[in-house]
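Participant: heads up, no residue letters with this:
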């Protein structure tokens with residue numbers, strides 16, 4: 001049996017990458033945000049109001065953080081290993097490295113639902129809001 005050359009080359013080149021792909025299942029609805037954490041960790045957040053801290057190498061959740069009162073739309077990795085999460089409730093939760101039962105600090109800018117977060121290397125945090133504003 002003779003295989004066409006192009007599919008065979010693709011299989012040889014992409015095969016190892018495809019073998020590393022995995023599904024990390026744990027949310028009870030759509031995932032809306034991802035953040036790569038220092039040290040190779042991963043965080044995800046979504047409609048189920050949960051932030052899940054993952055160990056991608058093991059393919060398992062390390063911790064589930066539940067605090068927000070609405071769907072989550074944004075995550076940002078913070079210097080030092082912390083994490084910021086935000087969404088429909090309009091509050092920004094600042095979590096310590098590794099997570100905790102409650103945020104270490106909460107920012108409540110009273111500007112409505114948060115749609116985006118970004119952090120800088122000095123620890124600055126920018127938040128985008130549903131009404132089209134951006135706050136630092």
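Facilitator: Alright, I've got the coordinates. Please read all numbers here as calculations on a predicted model, not as lab measurements. Numbering: from 1, shown residues only.
Participant: what are the ranges of the helices in this protein?
Facilitator: 5-20 (DSSP state H).
Participant: residue boundaries of the strands in it?
Facilitator: 31-36, 42-46, 50-55, 60-66, 72-77, 83-87, 92-95, 105-107, 114-119, 125-129, 134-135 (DSSP state E).
Participant: Just say which of these is most tucked in.
Facilitator: Highest mean neighbour count of these: strand 83-87, a mean of 27 (counted as mean count of other C-beta atoms under 10 Å). C-beta coordinates here come from the backbone N, C-alpha and C atoms, glycine included.
Participant: what lines up beside that one in the sheet?
Facilitator: According to DSSP bridges, strand 83-87 has the following sheet partners: strand 72-77 (antiparallel), strand 92-95 (antiparallel).
Participant: And the contacts of the shortest one?
Facilitator: Spelled out, it's strand 92-95. With contacts defined as C-beta atoms under 8 Å, 6 or more residues apart in numbering, strand 92-95 is touched by 51, 65, 67-68, 78, 82-86, 103-109, 114, 117, 125, 127.
Participant: Please apply the same query to the first one.
Facilitator: By C-beta under 8 Å, 6+ apart, the residues outside strand 72-77 that reach it are 32-38, 43-47, 49-51, 83-88, 113-119, 125, 127-128.
Participant: Kindly report the same for stretch 48-63.
Facilitator: 22, 24, 26-29, 37, 40-45, 64-66, 68-72, 75, 83, 85, 87, 95, 98-99.
Participant: Kindly state the pLDDT recorded for the nearest residue to residue 87 once chain neighbours are set aside?
Facilitator: Leaving aside its chain neighbours, residue 87 sits nearest to residue 72 (3.8 Å; criterion: C-beta to C-beta, 6 or more residues apart in numbering). Per-residue confidence (pLDDT) for residue 72: 94.
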